[in-house]
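**Q** below are the sequence and a predicted model; questions follow.
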Amino acid sequence: MKPLVVLMIMGLLLFSTGCQNAPESAQTVLPLPPAEQAQPIPLLLGSWADPSILRAGGDYYMTQSTCGGYVPAMLIWHSTDLLNWKPLGYAIHDRPAGLAPDLAFVNYILYLYCERTTAFTASSPAGPWTDHGHMEGSRGIDPGHFAGFDGQRYLYSSGGHYSKLSDDGLSYVEGPEQVYEGWEIPRDWAIEGMYLESPKIFKKEDWYYMVSAQGGTFGPMTAHMAVVARSKDPKGPWENCPYNPVIRTWDHEDPWWTQGHATFFEGPGGNWFALYHGYKNGYRLMGRSTLLLPIAWTAGGWPVVAAEWPEGFSEEAVNIDLPLSDEFDGSELGLQWQSPREHDLTRYRFEGGALVVNGRGESVGDSVPITFNARHIAYQVETEVELAGAASAGITLYYTTDAYVSIGLTEDGLVERGYAAGSRRPVRTDEHKYSGKKIRLKFVNDKNDVRCYFMNEDGEWVIIQSSVDVTFMDDNGFSRNSALRPGLFATGGGSAAFSYIRYEPYENRQYEEHFGNLVQ
């Protein structure tokens, strides 16, 4: 057995045998008004929804839904302090999958449950993961696994459904049966609907706690929420927390919208946390980000949002070890890259210090581009591409097959800015003549306003006007459960060699540039 696997299993065993007797947080408090609660820390800004976390001694493993049908799916992350995160690899490589995951560790085996309900297993968080297929008899979505005080395994799902599992965790022996109806949402609240989902179960002292999502992921920004219930028995009855909803967006001005789908867990130093998701205010098109909140406990044994963060926790302290720029000087695609619907690696090869991509389809929408999650609300992306044969290629901001912005070079020698907006407007293009087959391209996404550039034969950046407002390319606008992602595309019968792609945050300095030395 490899040393890494041995260390991971030792940590998981330490956690599974010792965490149940971990000391309760010394902080017991009363719930605070939202304005006095600690503010969330975004761990991953972008499309990182439905996060699940597994603690193994001093190690933490996390994964999220892969929304929008992207492949590969379910990236597994590792951290020792909840602030520094390193990706280990994907659990699913061959198909779009991986919605609403839950991680578990039982009898030396790691489990990943997702969708309706599919089970994956591995001996190491880094994989490889084995797909055991759909579990017959399942009901609902968003599976939540836990083992009771007696070792019996259970799986919960949306709608408050409860099931007993077999010892191997791969089949049902009892249920599904509805045992929880959720928390009654006041009738005058702006929500999408009841949508009782995402049951996450944990044990503390002699209680079972269930954290569920309600209110709906889409619709109003105040819709989603996290509610808590507890019971002495896995089957209930379940007592709702008097402080529900524990997590919610209360006002349009809140920095995070549609907050919910939470997992509560004990972290470093005996401190408790909630890992969950939400849209950044005004930026639904980025997808649902993974957020972290500190949790405190009332004297009555209920979790509430804490007033302050533990020492050392801040947004500035977060470090994500996943570069988005790529010089293509390796031999395989990095973990940042995913494709919609499929990830056909036969289309890509590394040659002469460039990534060569075989063309596909006739438009950006059907080209199956390779894309990544942006991590800023304002950023720019640049590339250099050279065409071969009957190919057109460039860079794109891609939401779906019929919603995107692109700038590329065509086989006919035209710099083309493309814009598709679904049924709202027909595809629009702007074209400029260009000599040669090699070109540098750039776009700037300045807080939803997108500008496209190309470098002309004199080495000068030329903007293609008009600019594009992409605010509406989001889940509410298209109901696609995806995100607007930077990427590379190649169409037609030839190929395109990309020398690099460079991503960096963007700071708008147009005022200073325009007025020059008049600015004091």
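**A** Here it is on my side, so go on.
**Q** what's the burial count for residue 207?
**A** Other residues near residue 207 come to 13 when the count uses other Cβ atoms under 10 Å. (Each C-beta comes from the backbone N, C-alpha and C, glycine too.)
**Q** and the gap between it and residue 232?
**A** As judged by Cβ to Cβ, to the nearest Å, residue 207 and residue 232 stand 7 Å apart.
**Q** okay, now the unreliable bits of this protein?
**A** Where the chain drops to pLDDT under 70, the residues are 1-28, 423-427, 518-520.
**Q** break it down into its structural domains.
**A** Domain assignment for the chain by automatic domain parsing gives 3-19+28-320, 339-511.
**Q** what does stretch 125-137 contact?
**A** Contacts with stretch 125-137, where a contact means Cβ atoms under 8 Å, 6 or more residues apart in numbering, come from 4, 8, 61, 76, 78, 88-92, 110, 112, 115-122, 170-172, 176.
**Q** swap that for stretch 235-252, please
**A** By Cβ under 8 Å, 6+ apart, the residues outside stretch 235-252 that reach it are 31, 34, 162, 177, 179-180, 183, 210-211, 214-215, 221-222, 224-231, 256-260, 262, 274, 276, 278, 293, 298, 302-305.
**Q** what of stretch 371-381?
**A** 44-48, 70, 280, 283, 286-287, 320, 324, 336-340, 395-396, 398, 442-447, 483-488, 501-508.
**Q** circling back to that earlier point, tell me which of the domains of the chain sits nearest to residue 329.
**A** Comparison of the domains of the chain against residue 329 by Cβ to Cβ identifies domain 339-511 as nearest, at 6.0 Å.
**Q** pull up the distance across the closest one, start to finish.
**A** End-to-end distance of domain 339-511: 38 Å, with Cα to Cα, to the nearest Å as the criterion.
**Q** how long is stretch 347-358 end to end?
**A** Using Cα to Cα, the end-to-end distance of stretch 347-358 comes out at 5 Å.
**Q** about what we covered before: can I get the domains of the chain in a markdown table including distance to residue 328?
**A** Formatted as a markdown table, these follow (distance: least, Cβ to Cβ, whole Å):
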| stretch | distance to residue 328 |
| --- | --- |
| domain 3-19+28-320 | 19 |
| domain 339-511 | 4 |
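**Q** ok so, going back, now intersect the contacts of stretch 371-381 with the strands, please.
**A** Per DSSP state E, strands hold the following members of the contacts of stretch 371-381: 44, 70, 280, 320, 339-340, 395-396, 398, 442-446, 485-488, 501-505.
**Q** quick one: the helices in the stretch 351-500 of the chain, in order.
**A** With helices called from DSSP state H, counting those that start in this stretch, the stretch 351-500 of the chain shows them at 475-478.
**Q** same deal with the stretch 1-150 of the chain?
**A** With helices called from DSSP H, counting those that start in this stretch, the stretch 1-150 of the chain shows them at 3-18.
**Q** what sits against residue 291?
**A** Residue 291 neighbours (Cβ under 8 Å, 6+ apart): 40, 41, 42, 43, 256, 259, 275, 276, 277, 278.
**Q** compile these into a markdown table and extend it with columns for neighbour count and distance to residue 131.
**A** Shown next, in a markdown table, are the contacts of residue 291 (neighbours: other Cβ atoms under 10 Å; distance: Cβ to Cβ, whole Å):
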| residue | neighbour count | distance to residue 131 |
| --- | --- | --- |
| 40 | 22 | 33 |
| 41 | 20 | 33 |
| 42 | 19 | 31 |
| 43 | 23 | 27 |
| 256 | 20 | 34 |
| 259 | 30 | 32 |
| 275 | 23 | 25 |
| 276 | 29 | 27 |
| 277 | 28 | 25 |
| 278 | 25 | 30 |
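**Q** take those residues and lay them out in JSON lines including distance to residue 248.
**A** Compiled in JSON lines, those are given as follows (distance: Cβ to Cβ, whole Å):
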{"residue": "40", "distance to residue 248": "12"}
{"residue": "41", "distance to residue 248": "18"}
{"residue": "42", "distance to residue 248": "17"}
{"residue": "43", "distance to residue 248": "20"}
{"residue": "256", "distance to residue 248": "10"}
{"residue": "259", "distance to residue 248": "6"}
{"residue": "275", "distance to residue 248": "16"}
{"residue": "276", "distance to residue 248": "11"}
{"residue": "277", "distance to residue 248": "13"}
{"residue": "278", "distance to residue 248": "10"}
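**Q** quick one: residues contacting residue 358.
**A** Contact analysis of residue 358 by Cβ under 8 Å, 6+ apart lists 346, 347, 348, 490, 494, 495.
**Q** just the buried ones from those residues, in ChimeraX syntax?
**A** In ChimeraX syntax, the buried subset of the contacts of residue 358 is picked out as below (16 or more other Cβ atoms under 10 Å):
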select :347,348,490,494,495
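**Q** so what's residue 486 closest to, chain neighbours aside?
**A** Spatial nearest neighbour of residue 486, excluding adjacent residues (Cβ to Cβ, 6 or more residues apart in numbering): residue 381 at 4.8 Å.
**Q** look up which residues are beta-bridged to the one you found.
**A** Counting by DSSP bridges, residue 381 forms beta bridges with residue 443, residue 503.
**Q** and the gap between it and residue 281?
**A** Distance of residue 381 to residue 281, computed by Cβ to Cβ: 23 Å.
**Q** neighbour count for those two, which is higher?
**A** Between residue 381 and residue 281, residue 381 has the larger neighbour count (other Cβ under 10 Å), namely 24 against 15.
**Q** now do the strands in the stretch 251-400 of the chain.
**A** In the stretch 251-400 of the chain, the strands defined using DSSP state E, counting those that start in this stretch lie at 256-266, 272-280, 289-297, 303-305, 319-320, 339-340, 348-351, 354-358, 370-371, 378-388, 391-400.
**Q** which of these sits closest to residue 421?
**A** With Cβ to Cβ as the measure, strand 391-400 is the member of the strands of the stretch 251-400 of the chain nearest residue 421 (9.5 Å).
**Q** that closest one: partners in the sheet, and parallel or antiparallel?
**A** strand 403-409 (antiparallel), strand 485-492 (antiparallel).
**Q** how about those, which one is nearest residue 157?
**A** So among the strands paired with strand 391-400, strand 485-492 is nearest, using Cβ to Cβ, at 29.3 Å.
**Q** now do the same contact list for residue 154.
**A** Residue 154 is in contact with 145, 146, 147, 148, 162, 163, 164, 165, 201, 234, counting by Cβ under 8 Å, 6+ apart.
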